[in-house]
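> everything below, folded, please.
(2 chains)
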Amino acid sequence: MMSRKLQIFLLIGIALVLLYIINMVRKKRLDLRYALGWILIGLVIVVLTIFPRSLNRIAFFLGITSPVNMLFFFGFCLVVGVIFSLTVALSHMSDKVKKMAQEIAIMRKDMYDQLNEQRKSRE
Amino acid sequence: MKKLVIIPAFNEEGNLEKTIQDIRENAPDFDYVIINDCSTDGTLDICRRHGFSYLNLPVNLGIGGAVQTGYRYAFFHGYDIAVQFDGDGQHSAKYLKEMVKVMEETESDMVIGSRFIQREGFQSSALRRVGIRYFTGLIWLLTRKTITDSTSGMRMVNRRILKKFTEEYPKDYPEPESVVTILSEKYKVTEIPVVMNEREEGASSISLKNSIYYMIKVSIAIVIAAMKK
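Have a look, this model is predicted:
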């Protein structure tokens, strides 16, 4: 079972991390859209730390003998989910970069062609 | 009718001049545009020095993104027909007129220049031919259409496809996948026999090392493209 001491340390740690994340959002160094997931995870850990016995109950409900195993498993699923969402975000991003690069190339040519025409008509 | 030749170029300094000369002589009613995909050799210098018409990409996009730049340019500038044409000396501009003719006569949306109808000229290596035949089989299974040279980089499209390609075009190894996308949306694709030359300078974008990745990626892409509809 979790000792009172560990509970307090965990709560302080999570509070610091949450404060750090919120501060990042406030300073616009982190998009709230992406921070939301992390804040949610922090809150779940807070709940689990305050009510450690809930972990046992969930494990028992799911038929997992050891609550620690369940925690590891959930953690793993979460990490895979986060990585997947990053891959999706990367795909969107690379599409946007591609379109932007193409537009820039076309705009530059159009501008150059226009300048050339003007120069010709002046001569 | 406005017609554009799209020439994707990544490190093609050795072949570019000849390619442009070929187009000017043998397909004079076509405009052309070179897409310099961040070449590290003198490709850009040659374009500037000769006053060639070129698009200079600010970041390297790979063959799919480079070619799509050309399609986008063609679409925005009101071209009716655009044809993709390699800058490495493999393709001959003398076929362009016939491709237009075939496109009009058969009312096709895409015309592909195929090496494997008359089996003349440069036929690629045996291993690659096996791969291309495998794609022919796979495409037939999925769409019931025969495409003998789905990897051919010599392909002409009309304005409808131009618009489609501007919106969406595969990033790498785009040729077979984009044909299947078009076929599965019930557009008409026709092939004409062409003779291709062996590449004079520069390297193929698909090395032996990449070929396994190529086969797997393109196979999956083809299956997904056929499922889209």
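
> residues touching the residue lying closest to B:K94 once chain neighbours are set aside, list them.
Leaving aside its chain neighbours, B:K94 sits nearest to B:N26 (4.5 Å; criterion: C-beta to C-beta, 6 or more residues apart in numbering or on different chains). Where you see a C-beta, it was placed from the backbone N, CA and C, and this is true even at glycine. Shown in contact with B:N26 (C-beta atoms under 8 Å, 6 or more residues apart in numbering or on different chains): B:S92, B:A93, B:K94, B:L96, B:K97.

> ok, B:N26 to chain A distance?
24 Å (C-beta to the nearest C-beta, to the nearest Å).

> got the end-to-end distance for stretch B:83-97?
End-to-end distance for stretch B:83-97: 11 Å, by C-alpha to C-alpha, to the nearest Å.

> so what touches it?
B:3-9, B:12, B:15-16, B:18-19, B:22-23, B:25-27, B:30, B:32, B:34, B:67, B:70, B:99, B:113, B:122, B:153-157, B:192, B:194-202.

> now do it: distance to the chain's middle.
9 Å (C-alpha atoms, centre = their mean, to the nearest Å).

> next one: stretch B:108-119
The answer for stretch B:108-119 is 11 Å, by C-alpha atoms, centre = their mean.

> neighbouring contacts of that stretch?
B:91, B:95, B:99, B:102-103, B:121-124, B:129, B:132, B:147-150, B:152, B:154-158, B:160-161, B:179, B:182, B:187-196.

> where is the longest helix in chain B?
helix B:208-228 (DSSP state H).

> sorry, back to before: quick one, which of the contacts of stretch B:83-97 are buried?
Among the contacts of stretch B:83-97, those that count as buried by neighbour count (16 or more other C-beta atoms under 10 Å in any protein chain shown) are B:3-9, B:12, B:15-16, B:19, B:22-23, B:27, B:30, B:32, B:34, B:67, B:70, B:99, B:113, B:153-157, B:192, B:194-196, B:202.

> any low-confidence regions in chain B?
Along chain B, segments meeting pLDDT under 70 span B:200-207, B:228-229.

> and it, which of its residues are near chain A?
When proximity is defined by C-beta under 8 Å from any C-beta of the partner chain, chain B lies next to chain A at B:33, B:35, B:53-59, B:61, B:65, B:68-69, B:72-73, B:76, B:171.

> which among those residues count as buried?
Judged by 16+ other C-beta under 10 Å, buried ones among the residues of chain B next to chain A: B:33, B:35, B:53-57, B:61, B:65, B:68-69, B:72-73, B:171.

> of the contacts of stretch B:83-97, which belong to strands?
B:3-9, B:32, B:34, B:113, B:155-157, B:192 (DSSP state E).
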